[in-house]
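Novice: I need the structure of the sequence given here:
(chains A, B and C, ligands or ions: 2)
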Amino acid sequence: QNYKAEYKMSLVLGPPTPWGEAGRLWADLVKERTQGRINIKLYPGVSLIQGDQTREFSALRQGVIDMAVGSTINWSPQVKQLNLFSMPFLMPDYAAVDALTQGAVGKDMFATLEKAGVVPLAWGENGFREITNSKKPIKSPEDLKGMKIRVVGSPIFSDTFTALGANPTQMSWADAQPALASGAVDGQENPLFLFTVLKMHTVGQKFVTTWGYVCDPLVFVVNKEIWSSWTPADQAIVRQAAIDAGKQNIALARKGLVEADKPVLKDIAAMGVTVTNLTPAERDAFVKATRPVYNKWKSTVGNELVTKAEQTIEARKH
Amino acid sequence: MTTPNESGPVLDAASPLPPEIEAADEKTRVPLAIEDWATVVIMGLLACITFANVLVRYFTDSSFAWTEEFSVFLMILLALVAGSAAVARDRHIRIEYFAEGGSMARRKRLAQFGAAMVALLFLLVAALSVRVVWDDYRFEETSPGIGVPQWWYSIWLPIVSLAIALRAVGLFIRRGRRTMDANDGSAKP
Amino acid sequence: MIPTLLFAAFIVMMLVGVPIGAALGLAGAACIALANGDAQWFGLLAVPQNFYAGLGKYPLLAIPMFVLVGSIFDRSGVALRLVNFAIAIVGRGPGMLPLVAIVVAMFLGGISGSGPANAAAVGAVMIAAMSRAGYPDAYSASVVGAAAATDILIPPSVAFIVYSVLVPGASVPALFAAGMIPGILAGIALIVPAVWLARKHKMGALESSLPRPPFWKSFREATWGLAAPVLILGGMRAGLFTPTEAAVVAVFYGLFVGMAIHRTIQLRDLFAILRESGELSAVILLVVSLAGIFAYSLSTLGVIDPVTRAIVNSGLGEYGVLSLLILLLITVGMFLDGVSIFLIFVPLLWPIVQHYKWDPVWFGVILTLKVALGQFTPPLAVNLMVSCRIANVRMEETVRWVGWMLFAMFLVMVAVIIWPSLALWLPHELGY
Ligand code: NA
Ligand code: NA
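Specialist: Ligands and ions are numbered 1, 2, ... in the order given. Below you'll find the predicted structure:
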């Protein structure tokens, strides 16, 4: 068996974000449990392909990257079914997310990823993406009208924000930061832990609305050739390590958001930021406004898959 | 220490110099007008698209951010196409301090070596990027911005890379033919 | 072993005159293949992926646009009118024309993004004027070459755009703001030896006999030029446009002024303007993308960490290491151009920057100051190359003058190292 001295793992965010911790935990567990047979080096910032998040999956398939903990959003240009998780207001809560990733839909998705040329091992989580802006509290689609919002990854985001009357613009975070600071861009959407880590209130983001329109799961994958170069015993170790790291990562990503008093929201409010929680009726207005986008993308993602997801969510345990 | 001659790569990348005295191009078998016209069209398009974006946003409070993906593609195409003309004109940044000294035979060999290395690199890029295009095509990858097939963009990488390699081969042949003027190092047909 | 090969292959190829981009790409590709012998396609698919991804960045679009701005303003007749207006203000007398050359170069620096474009625009007007006033041509070429070097410090600047793409922690607006004060200081620092040399050697004796342009008339004619930096820098500051958009607005403004107001640009000139700025941009962009292959090889070979550890544990201390770096860069800068210096050295030096917790924006200004010095340090001195060609003198003749100006600007770099707030105060004040 031919093992490399070091394996290259790509990540968008490094530690101490939950995403970065996911990669670090996985690498540490693998090294420990294989007694150092498999050594992994982290490359946060997708630095193995010059920071181009949307090419990460291609590079993974072609052996430029050996393994990755990647976002479904960044990989959706290559695997259109992954757009499922970006369909606006598909998943109302964490139970819905778990029902999808840990159930039959997750299995289907892994089969699709397998066919797309990689070996998927486990699910993790980046989190529900909430909208922030510098202008005013967003309570209805009308409030979003004319706002320039930075989005990433897939055309479905452009469609969603266009349907809400906003001006979506695609840029990397490196470009977004000065754009937000100078007011060239009004808002952005990301999981809330990033708000704190990246100190978004210092670039003028004074208003947060928790609308939970999409949730962004992470996937632990290995390149096919690399995978088959390992012994079955080591494959099992790497797979179990990914599952264990994924569980810890999901707990980290939800920390402060699943407790009744939501300490993360309190921390953000303490920075002088207005946090708006939508009432069910207010949220419904957003759901209604984005329905055409949902329906349009249903056929792209696959009618069968989306219907299956809808049924799974309907049947979830609270 | 001498003031370098006109035909050399008198550029600093941080600070490009518009060569106000247009050195006469050496004759090439395939006219450079192909790359030149493409360059002019792409530069014009880039300026107009970006300017239109500013105007539309200013007057209508909306934007067409989708043009960004197309603009980035045009910029990549510009780098390749205009870069091809720059290979033929031998304008790429290089250190000529050591290469432009010594005997004529040595200078000729080094000039040929440089052209050969450019040809080798872009042949490699062209060959390898065929696999990238093939992957983009067979896995039906779509572009992250507009959602069009990715191979519409990537197909140009092997094509123009091959053109650059051929320009470098042309330069190699011309450098092999030329006899150097010992005084100024400029090309004599 | 492979890391040694990476650097050896690159350096040898570069020294024998292989284009720098090709040397970077080939050395990188060779080492990727050697390090991944048993991987699919020798791991070489990293070559096209990094080539494409290295270029596919929206902020890089600012480079061809600012190069185009330089090319347009070079022919727009703005420089001549700014010079007349400056003379109308400061008057005629020994040492006044070199002062005007430096101030106008700084002002054009607020429009263009590159040194040689600035040297071409200022040189075309000033060198002949200074010759008529009795200044030696070699001295005039030195003044113009040095003054144009302030261009990459004063925003907008192509050098800062490249640096910001390499260093995500340093945004273009922050770098632009940070370059402003050091750029102005560099200009002022140049005025001192320029005027002192003129008086000491009794140059420009004829200057006082030349006519002084009428103030209001020259002001009226210069307004179009005077408004350009306000439009570009003000527009960016107000959040009206991104740096790329600012460049494009300047393109159309410059075309309007050149074609409709000053009538120095004809419709048929557009082909030449677009072609040459496109080709120059391509030359820069290809180095950027090919350096991506080299950077991939460098980061996956795992050489940077041990080298960094060796340097920071060498017992030299923070300022010792910094002095050593500057010494190294000054040596390299005699032979290498600015963007290549950024692309090769920023990835190498980055862990050291992080170890000492140096501010990325401040470090970018220091590097750019160094590159600015390199633009008029012979033998490879792009600005001097331009000004010497216009003045029709050989570069050797400028050495006796240029040394003083190098020293003056070097002092500014030392000042920015000692007092980082010279660079960091303005971006902080503007909230970047
Ligand atoms: Na400038
Ligand atoms: Na130099």
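Novice: looking at the stretch 51-200 of chain A, which residue is nearest ligand 1?
Specialist: Proximity of the stretch 51-200 of chain A to ligand 1 (Cβ to the ion) peaks at residue A:178, 18.0 Å away. (C-beta placed from N, C-alpha, C; glycine too.)
Novice: please, which helix or strand holds the residue most central in space within chain B?
Specialist: Residue closest to the average C-alpha location in chain B (Cα atoms, centre = their mean): residue B:83, at 0.5 Å. Residue B:83 is part of helix B:67-88 when elements are defined by DSSP states H and E.
Novice: show me which residues of that helix are buried.
Specialist: Residues B:67-88 are the ones in helix B:67-88 that count as buried (16 or more other Cβ atoms under 10 Å in any protein chain shown).
Novice: and the next helix or strand after that helix, what does it pack against?
Specialist: Following helix B:67-88 in sequence order, the next helix or strand is helix B:104-138 (DSSP H and E). If contacts are counted by 3 or more Cβ pairs under 8 Å, 6 or more residues apart in numbering or on different chains; DSSP states H and E, helix B:104-138 sits against helix A:56-61, helix B:151-154, helix B:156-177, helix C:20-35, helix C:46-55.
Novice: repeat that for 10 Å
Specialist: Identification of packing neighbours for helix B:104-138 by 3 or more Cβ pairs under 10 Å, 6 or more residues apart in numbering or on different chains; DSSP states H and E yields helix A:56-61, helix B:67-88, helix B:151-154, helix B:156-177, helix C:2-15, helix C:20-35, helix C:46-55, helix C:269-301.
Novice: show me what counts as buried in the shortest one.
Specialist: So the one you mean is helix B:151-154. Going by neighbour count (16+ other Cβ under 10 Å), the buried part of helix B:151-154 is B:151, B:153, B:154.
Novice: could you dump the residues you listed into a markdown table with distance to chain A added?
Specialist: What follows is the buried residues of helix B:151-154, written out as a markdown table (distance: Cβ to the nearest Cβ, whole Å):
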| residue | distance to chain A |
| --- | --- |
| B:151 | 12 |
| B:153 | 11 |
| B:154 | 10 |
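Novice: sorry, back to before: residues contacting the spatially closest residue to the residue nearest to the centre of chain B that is not a sequence neighbour?
Specialist: Using Cβ to Cβ, 6 or more residues apart in numbering or on different chains and skipping the chain neighbours, the partner closest in space to residue B:83 is residue C:282 (4.1 Å). Contact analysis of residue C:282 by Cβ atoms under 10 Å, 6 or more residues apart in numbering or on different chains lists B:16, B:35, B:39, B:42, B:75, B:77-87, B:91-92, C:63-64, C:67.
Novice: next one, pLDDT for residue C:282 please.
Specialist: pLDDT recorded at residue C:282 is 94.
Novice: could you do residue B:99 as well?
Specialist: The per-residue pLDDT reported for residue B:99 equals 79.
Novice: for residue C:245, see how far away residue A:269 is.
Specialist: Noted for residue A:269: a distance of 35 Å to residue C:245, by Cβ to Cβ, to the nearest Å.
Novice: oh, I was asking about residue C:381
Specialist: Distance, residue C:381 to residue C:245, by Cβ to Cβ: 33 Å.
Novice: which residues touch residue A:108?
Specialist: Counting by Cβ under 10 Å, 6+ apart, residue A:108 makes contact with A:81, A:84, A:100, A:302, A:304, A:305, A:308, A:309.
Novice: pull the distance from stretch A:278-286 to the chain's centre.
Specialist: Its chain's C-alpha centre and that of stretch A:278-286 lie 23 Å apart, by Cα atoms, centre = their mean, to the nearest Å.
Novice: can you list the residues that contact it?
Specialist: A:88-89, A:92, A:131, A:138-142, A:144, A:160, A:163-164, A:209-213, A:276-277, A:287.
Novice: again, only this time at 7 Å
Specialist: With contact meaning Cβ atoms under 7 Å, 6 or more residues apart in numbering or on different chains, stretch A:278-286 is reached by A:89, A:139, A:140, A:141, A:209, A:210, A:211, A:213.
Novice: now stretch C:106-115
Specialist: With Cβ under 7 Å, 6+ apart as the contact definition, stretch C:106-115 has outside contacts at B:12, B:14-16, C:66-67, C:69-70, C:73, C:79, C:82, C:118, C:121-122, C:148-152, C:154, C:156-158, C:183-184, C:187, C:228-229, C:232-233, C:250, C:375, C:382-383.
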